[in-house]
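K.L.:
Predicted coordinates and the sequence they were generated for:
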Amino acid sequence: MLVYCFAPGTKMEVAESLIHKIHSSFTGGGIRFATPVSSLRTNELDLVRGVLQMLQGLPSSLFYWDDRAQCFHFKNGIYVSHLSQTSLYRILDQFSYAATCLQLVDIVVKKIEKSKSLPPPTLRAFGCSVSTWLRRVRNVALEEEVKVNSSNDSTSPSILGLSSSLSRLCSGAEYLFQIVHGAIPQLYSELDSYFPAADIAVHILNHLYVKLNEVCLVQGGEEDAYRMLLYILLGSLLPYIESLDSWLFQGTLDDPFDEMFFVANKKIAIDETEFWEKSYQLRSAMPEKVKFADFASDFLPSAKEKKDVIGRASISLSSLPGGKDENKRDFQVCPFFIKDIAKAIISAGKSLQLIRHAPITSLSADSTDDVENGYSIAGLTLSEVFCVSLTALIGHGDHIAEYLWKNDKHLLGSIKECQEREEIDIATNKQPKLFWQKLLDDTLAQKRDSGFVSSLQEGAINSDNLKGGEIYSDERDIVPQKHCPENPAINVCRGILQENRDAWSSLNISQAFYLPPLNDEWLRQAIFSDKCAHGLTVKNTDYASGFHSELENMRFREDAKMLEVLLPFPTLLPSFQEDLQMSEVLPFQNNCTLPSRILSWIQNVEPKSTPPPAVILQECLIFYIKKQADYIGRTMLSKLLYDWRLLDELAVLRAIYLLGSGDLLQHFLSVIFNKLDKGESLDDDFELNTILQESIRNSADNVLLSTPDSLVVSVAKSLGFNEDEQYSPCVSVSTPRKGRGQSSGMDVLDSLKFTYKVSWPLELIANLEAMKKYNQVMSFLLKVKRAKFVLDKARRWMWKGRGTVTTKQKRHWLLEQKLLHFVDAFHHYVMDRVYHNAWRELCEGVAAAGTLDEAIEVHEAYLLSIQRQCFVVPDKLWGLIASRINSILGLALDFYSIQQNLSSGGAISAIKARCEKEVERIEKQFDDCMAFLLRILSVKLNVGQFPHLAALVTRINYNCFYMSDGGVLTTAPGPGGLRPA
């Protein structure tokens, strides 16, 4: 809006300006008092200075900061002679909006720096990076102001020229404001609870990742935006990378602010069974009820107005990536770029802890020295490698990952090896070194020298130079040749001191000062002695005049020399240097000096290429993380196989729980089977363990166990089905024997639980859940064993009682052969498929595994395979099959009971009649079970999905005895027996 001021009675002044020409064209010069007052016309030089000061965040007489509206304003009514007021206001709006953006960014940064509690590292690094870039943007305005103030009278700056020269500054200021308020969005101010540090870090990194991905393909004048985002992303990412470095190379979670994507459970020790599964877990996502307004109120300026007074709409979050709705939906606690390898990172650190905690037990431990000693990549930390790789990629388009990580045999290089490699490359290639090569050389040289801090050269303090002789520069060089961490001023002034060696004597403590001695015995006596006056008169305390005795004088000089050695040149102050980086003053420090140089380089470099963030992080960070994780995984597998003998321990479990040993449990099983035949209960743990230990000691395979008591058996109190067995029902079969209780049936074997103490750390693989699965398989195999045991015993009774062969006896013999054939065939199937084939697959899988997680997955697949092949997996189909198999095994026990009754009281006709009815029932149930099994097991869908079912059908249907190749059953249930197909 044009604002005109009229001054009644004021004489019009004629001036050939644009304003007067416009006025004359409309009025013809005939309207009085229509000319703007000349006193309100602004000096354009002052206006330019005011604009430049406003861009630096400084108010002036023409521009001021409105705390309530949170924006810059300029005074109304000002004009210049060569611009209309509308054009002038439009130009000033542009500058005031840019200055407002910079000031709002400055407010956010200051609130981060001055918050009551210490901000988390990523937020603090983000604020520091933004502050540095803000200072860089404002320095452009400062340099322009210096030019304006130093210009002569012949050239006067104009507001139009300033608008043209600072157009990039204004656009950069607005984009910086968008970046900051996207990383710390205003929606936080609407919430009412604490915001976790992990969520802050992930949101900042993800937002910067998305924004950099947007500008990476934009060309033509957008290099500043790309460079700004790259600088802020690198600076914000460094604390996160440092935490990953300590985790991947030291096995230590250095995360005091809980920023990382995984969290430690300190209640679980490393030698506990649950260490691998529960010690370090992915951090759970923030629940919706958790709010974070406290964080917003601390770090964000209030913004009540939807539109600021300068006429430009404020930036809405809905237009930015990660707006309000998107943040609520996609906010995660793991950054985008490491989400796919998050579990591998956690596993690598845990494996590193296990490798260092476990004792060295074999000669192969020499190959793990690099891992145990925490060597870094080519002598650099992960953040330093990231910076060097980024420099090569952005500045020269070089991919140097394979150069730093040379081969797969020795992944962790050393400083000496990298230097030798560089010398060979330089000898073969005479081209000058690139910037990243020089940077790498300087860093390796500084790392090599950083451990040696020399304070004095040879020529220690002796009695000759303590007798008052002047110290010359050729006698002793007091300036450290390397770094002096106790006195950083010497590091800055080293060059000046070397050029002015004549001034050293005047800077020495012994030559310029008279200090009290280190031995304050006389001073203490002068203060605390009863004879204070006498002590003061006798012992002179004026140190400038020296002491009375020569010995005391020498002691004083010795003390002065000692102070000089400990703190050379304590009064030396370096000269002021503008924008001096602390990394250039302090000695070389890991994760500090090199990143600081790279950040300074990014501010001024013209990138040769602008790769997207996915390429940058893949080439410069994720590559090294994967290599280190793979290296730790291979080392872990090597220790598992050779040091901790994983396969030997699994072979012991195979021999015990899969009944693979020939006679390890033979005596134990014979005793308990006979006890069950007699109707005795198995409720005495002590008796059972005594029998078990005797069986192990008398076995030829007793060498499998370290000690006989490493295997313990116990009896479960409840004989009901547990949750794992709810899909494996067992059909109870009635028996003709009145006195046989439930304790003598097949189900009693389910109550036997065998416990084997697996050595640490192998119990991380064979954990409690795995031992439960082993026990389920063993319980099923024990039923098969007992069925075979009772059928063999029944056959011996039938063979002893043979006489005149009758039809009934033939029927008994045929039924016994059918039952025995099924049990033997099933037992052979188990030994072939479960004991041998599954074990071979397990060995191949473990040999091909790359990490401990993969080895655990292979073992779990092995357990699932033997569970499925033994039909004890909790599945509906497998439960139906298992019920029929258990029914047949129960029928074998019923048939044994019948033969036991016939052998003991076979002369009684009533017993014979009842036994015959039971034989008919057993035969009918067996035929029904076989018909069901053959129909289910022969379904092409099941056989195609589970090939082991075809092997089982082939064994139990030998020579197509029960079913033809066409799927027609040859057995008819009922008392009629067999019928031809």
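P.N.:
Yes, it's here.

K.L.:
rest of the way, CA atoms for contacts and neighbours
P.N.:
Will do.

K.L.:
Just the strands from the protein, written as ranges.
P.N.:
Shown for the chain, the strands assigned by DSSP state E span residues 63-66, 71-74, 262-264, 280-282, 711-715, 752-756.

K.L.:
What is the fifth one packed up against?
P.N.:
Strand 711-715 sits against helix 685-697, strand 752-756, with contacts defined as 3 or more CA pairs under 8 Å, 6 or more residues apart in numbering; DSSP states H and E.

K.L.:
pLDDT on it, on average?
P.N.:
The predicted model assigns strand 711-715 a mean pLDDT of 88.

K.L.:
Partner strands of that strand, with direction?
P.N.:
Here the strand partners of strand 711-715, with direction, are listed using DSSP bridges: strand 752-756 (antiparallel).

K.L.:
Only the buried residues of the partner strand, if you could.
P.N.:
Along strand 752-756, these residues count as buried under the neighbour rule (16 or more other CA atoms under 10 Å): L752, K753, F754, T755, Y756.

K.L.:
out of the strands of the chain, deepest packed?
P.N.:
Relative to the other members of the strands of the chain, strand 71-74 carries the highest mean neighbour count by mean count of other CA atoms under 10 Å, namely a mean of 22.

K.L.:
Check the contact between V953 and L934; I expect there is one.
P.N.:
Yes - using CA atoms under 8 Å, V953 makes contact with L934 at a distance of 6.8 Å.

K.L.:
Which one of the two is surrounded by more residues?
P.N.:
For the pair V953 and L934, the greater number of neighbours falls to V953 (22 against 19), based on other CA atoms under 10 Å.

K.L.:
List the residues that contact the more buried one.
P.N.:
V953 makes contacts with L934, L937, S938, as judged by CA atoms under 8 Å, 6 or more residues apart in numbering.

K.L.:
Looking at the residues you listed, which is nearest A614?
P.N.:
Nearest to A614 among the contacts of V953 is L937, at 50.8 Å by CA to CA.

K.L.:
Give me the pLDDT for that closest one.
P.N.:
pLDDT for L937: 76.

K.L.:
What of N942?
P.N.:
58.

K.L.:
Also Q817?
P.N.:
On the pLDDT scale, Q817 is placed at 85.

K.L.:
What's the separation between it and W797?
P.N.:
When distances are taken as CA to CA, to the nearest Å, Q817 and W797 turn out to be 14 Å apart.

K.L.:
same check, this time on I656
P.N.:
Applying CA to CA, one obtains 31 Å for the distance of I656 from W797.

K.L.:
So which of those two has more stuff around it?
P.N.:
For I656 versus W797, the count of surrounding residues by other CA under 10 Å is larger for I656: 21 against 16.

K.L.:
For that one, give me its contacts.
P.N.:
Neighbours of I656 in contact, by CA under 8 Å, 6+ apart: L664, L665.

K.L.:
Mind doing that once more with 10 Å?
P.N.:
L650, L664, L665, L704, L705, L711, F754, Y756, Y774, N775, M778 (CA atoms under 10 Å, 6 or more residues apart in numbering).

K.L.:
swap in L205?
P.N.:
With contacts defined as CA under 10 Å, 6+ apart, the neighbours of L205 are 122-123, 126, 183, 199, 232-234, 236-237, 240, 334-337.

K.L.:
So which bits of the lengthiest helix in the chain are buried?
P.N.:
Scanning the chain for the longest helix, with DSSP state H as the assignment, gives helix 768-800. By neighbour count on 16+ other CA under 10 Å, the buried set for helix 768-800 is 770-791, 794-795, 797-798.

K.L.:
same question, stretch 952-964
P.N.:
In terms of neighbour count (16+ other CA under 10 Å), stretch 952-964 has its buried residues at L952, V953, R955, I956, N957, C960, Y962, M963.

K.L.:
okay, the second one: pLDDT?
P.N.:
Going back to what we said before, that points to V953. As predicted, V953 sits at a pLDDT of 77.

K.L.:
how close does it sit to F386?
P.N.:
Where F386 is concerned, V953 sits at a distance of 60 Å (CA to CA).

K.L.:
ditto for the first one
P.N.:
With distances taken as CA to CA, L952 is found 57 Å from F386.

K.L.:
what's the answer for the fifth one, then?
P.N.:
Noted for N957: a distance of 65 Å to F386, by CA to CA.

K.L.:
Repeat that for the third one.
P.N.:
Separation of R955 from F386 (CA to CA) stands at 61 Å.

K.L.:
about what we covered before: output the contacts of I656 as a markdown table; include the columns distance to P256.
P.N.:
Shown next, in a markdown table, are the contacts of I656 (distance: CA to CA, whole Å):
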| residue | distance to P256 |
| --- | --- |
| L650 | 40 |
| L664 | 53 |
| L665 | 53 |
| L704 | 47 |
| L705 | 45 |
| L711 | 44 |
| F754 | 44 |
| Y756 | 40 |
| Y774 | 41 |
| N775 | 43 |
| M778 | 47 |
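
K.L.:
quick check, nearest of those residues to G745?
P.N.:
Using CA to CA, M778 is the member of these that sits closest to G745, with 16.5 Å.

K.L.:
which residues does the closest one contact?
P.N.:
Taking CA under 10 Å, 6+ apart as the definition of contact, the neighbours of M778 are 654, 656-659, 749-750, 752-754, 772, 784, 867, 870.

K.L.:
Over to L390?
P.N.:
L390 is in contact with 234, 384, 396-400, 436, 598, 602, 616-617, 619-621, counting by CA under 10 Å, 6+ apart.
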